[in-house]
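S.K.: sequence? don't have it. structure:
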C-alpha cells in the first residue's frame, strides 16, 4: 500500500466540487451530469481500493470534461489519477500525470489548494524515488501555497520525514519541535487531528533516538504509539512498531523482534506489502530466531509478488489511457465526417488512392532497407553474440562453479541438522544467488528508446540504501534522441560496472553522477566518497571491462583516486558511432 506515513493528510482536499451554477444548453448539461457520475463512482471505487475500475472511470470523466473545457475538474481528476499511480508504486507515472495537472489548472487558480496538492504529491513521489532534495523543493512549494496553518504544518512534517531519511536528524528535530511549540502557543491543539499529532511525536522521537538521545526518543515514540492505539489507527501503528523495532535492534533483539512482528501482523491485516517487507527486513537482520529462513523466503515471495502486481497495474493503466485517447480521436473524426460535404468525400476518395500508393511504396522501401541492413549487420551480430556468450560462460565458470562445488562439499561433510551449519549453508547459497542475479542484471536488455532515462534512474536507484545516497544530475538535460543506441548501451553498462565496483570495494555513503554534453561529445563524471585505492590496483578491481567499452567507442577516461580520498572517473565520448548493433547482442 502507501509508502509515506503522511500520504493521507491531503485527500480531504479532493472531496469537493467546484461547479458554477449557470444556464447551460440541454446537451451540455447531459454531458456534465454524465461526467460527474463517472467521477463520483471513481471516488467510491478508489476508497474501496478497486483501482483499475476507478482509473477507467476517472479517464471517462476526464474525457467528458475536456469536451466542456472544464479545466478545474480536469485538474481535480488528474490529481486523483496520480494518487492511484502512487498507491500502486508507479511514482514516475504519477509525476507525469501531476505535470499534466499543473498545466491544466486555470490561470485564475495558479495559487491555492490545487497547486498545493500537486506539489505535495510531487514531493511524495520524489521522496519514494530517493530524490530527497527534489522532494524538499516541492514540499516547500506546497507549504507556501497553503493559507491555513494546520495544512502548512502537515507539509512541514513531510519535510522533516525527508530529513530523517537523509539522516539530517537535527534539521528534522528543529522543524518538529517548532510545530509542537506553535500548536501550544497558538492553542491549536484542539484543532489538530490526533493522527497528525501521533505522526509528529513518533517521528520526533525517532529523530531524537537516531541523534543519540535514546531516552527522550523512546518516550516520544511510545507516546505517539499510544495515541495511535487509543484512536485505533492500525495503519499508523505500523510505523511506530517499525521505529521501536529499530530502537531495540541493538539493545534487545527479542523486543525488536516482537515490535517487528506486531508491525508485520498489522501490515498483513491491511494488505500493506511495503511495510510487511520492511518488518521482514528487520527480522532477517536481527537473525534472532530459528524462523529467519522462513522470514527470508517470505520476503522474496512478497517482493516478487508486489513487482508483478505493480507491473500489471502499469500495463492496465497504459491500455486505459490508450483506449481513452483512441476513443477521443474516433469521436473527433466522426464529428468531422458529419460536417463534410460531397466534395470533401470525393476528395477523401482520391486521397485514399494516393495514400494507398504511397503506403505501398513505403512498405516496399522499408522491406528493402530492412533486408539490406539485416545482411549488412549479420556478421557483426554473430560476432557480438559469440563474444557475449563466451563472456557469460567464462563468468559463470570463474565465479560460480567453484562456489557451487564448495557448497556441495560443505553439505556432504557437515551435519545439516546443526543450526550453525544450516545458517552457513544458507549464507553460501544466498551469496551464489546474489551473484547469479548480478550476472543476469548485467546482461539484461536495455531500453534505448523514450524510456532510456527512466531505465537509468531505476538501475541506479537499486543501489540506494539508507547508508548510501546516489545523486544523479543533468540526466534529463541530455538530448538522448540524438545519440545512437550503441552509445546509450555503452553508458548504461559503464554505470552498471561503476555501481558494482562501488558496492564491492568503495564503502561509499555518497555517489554523485553528473551528465554533460556539447555539440560533439557526451561527458559522464562519477564521484564517490569511498575508501579509494592505489591507481595501480584500478584495473584489478573489476574496471577493465569499463575501460574496454570506453575505448571501443573511441572514448577517453581519466581516473583520480588515492586511499581514503574517494574515487573519481571522468568519461568523454563522441555522440555518434558508425555502426549500430542490436541491443540483444550488445556486450
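M.R.: Yes, it's here. No experiment lies behind these values; they were computed from the predicted model shown.
S.K.: pretty sure residue 199 contacts residue 157?
M.R.: Yes. Between residue 199 and residue 157 a contact is recorded at 6.2 Å, counting by Cβ atoms under 8 Å. To be clear about C-beta, it is placed using only N, CA and C from the backbone, and glycine gets the same treatment.
S.K.: now stretch 86-95: buried residues?
M.R.: For stretch 86-95, the neighbour count (16 or more other Cβ atoms under 10 Å) marks 86, 87, 88, 89, 90, 91, 93, 94, 95 as buried.
S.K.: what about it, start to end distance?
M.R.: One end of stretch 86-95 to the other measures 9 Å (Cα to Cα, to the nearest Å).
S.K.: got a list of what residue 194 touches?
M.R.: Counting by Cβ atoms under 8 Å, 6 or more residues apart in numbering, residue 194 makes contact with 227, 230, 231, 233.
S.K.: so which of these is surrounded by the most neighbours?
M.R.: The most crowded member of these, judged by other Cβ atoms under 10 Å, is residue 227 (21 neighbours).
S.K.: surely residue 472 is within a strand?
M.R.: Yes. Under DSSP: H, G, I helix; E, B strand; the rest coil, residue 472 falls within a strand.
S.K.: for residue 352, see how far away the residue lying closest to residue 210 once chain neighbours are set aside is.
M.R.: Nearest residue to residue 210 in three dimensions, chain neighbours excluded: residue 169, at 4.9 Å (Cβ to Cβ, 6 or more residues apart in numbering). When distance is defined by Cβ to Cβ, to the nearest Å, residue 169 is 69 Å away from residue 352.
S.K.: the two: who's more crowded?
M.R.: Each of residue 169 and residue 352 has its neighbours counted (other Cβ under 10 Å); residue 169 has more, 20 against 11.
S.K.: so where's the stretch 151-300 of the chain shaky on pLDDT?
M.R.: By pLDDT under 70, the low-scoring segments of the stretch 151-300 of the chain are 184-193.
S.K.: quick one, helices of it?
M.R.: Per DSSP state H, counting those that start in this stretch, the stretch 151-300 of the chain carries helices over the ranges 169-185, 194-210, 214-230, 234-248, 253-269, 273-286, 292-339.
S.K.: check which helices and strands the fifth one sits against.
M.R.: Translated: helix 253-269. Judged by 3 or more Cβ pairs under 8 Å, 6 or more residues apart in numbering; DSSP states H and E, helix 253-269 is in contact with helix 234-248, helix 273-286.
S.K.: ok, and what's touching that helix?
M.R.: 234-235, 237-238, 241-242, 244-249, 272-273, 275-276, 278-280, 282-283, 286, 288-289.
S.K.: contacts for stretch 162-175?
M.R.: Contacts with stretch 162-175, where a contact means Cβ under 8 Å, 6+ apart, come from 123, 127, 130, 132, 135-136, 139, 156-157, 159-161, 203-204, 206-208, 210-211, 466, 469.
S.K.: for PyMOL, what selects the buried ones among those?
M.R.: Remark: buried members of the contacts of stretch 162-175, expressed as a PyMOL selection using 16+ other Cβ under 10 Å:
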select buried, resi 123+127+130+132+135+136+139+156+157+159+160+161+203+204+206+207+208+210+211+469
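S.K.: nearest to residue 150 among the buried residues of stretch 86-95?
M.R.: For these, the residue nearest residue 150 by Cβ to Cβ is residue 86; the value is 22.6 Å.
S.K.: now the most centrally placed residue in the chain, nearest residue through space, not along the chain?
M.R.: Against the mean C-alpha coordinate of the chain, by Cα atoms, centre = their mean, the closest residue is residue 129 at 4.4 Å. What sits nearest to residue 129 in space, not counting adjacent residues and going by Cβ to Cβ, 6+ apart, is residue 91, at 5.2 Å.
S.K.: before we move on, what about residue 471?
M.R.: residue 512 (4.9 Å).
S.K.: okay, and the beta partners of the one you found?
M.R.: Counting by DSSP bridges, residue 512 is bridged to residue 471, residue 527.
S.K.: report the contact partners of it.
M.R.: Here residue 512 is in contact with 471, 473, 525, 526, 527, 528 (Cβ under 8 Å, 6+ apart).
S.K.: if we use 10 Å, what do you get?
M.R.: 469, 470, 471, 472, 473, 525, 526, 527, 528, 529, 568 (Cβ atoms under 10 Å, 6 or more residues apart in numbering).
S.K.: of these, buried ones?
M.R.: In terms of neighbour count (16+ other Cβ under 10 Å), the buried residues within the contacts of residue 512 are 469, 470, 471, 472, 525, 526, 527, 528, 529.
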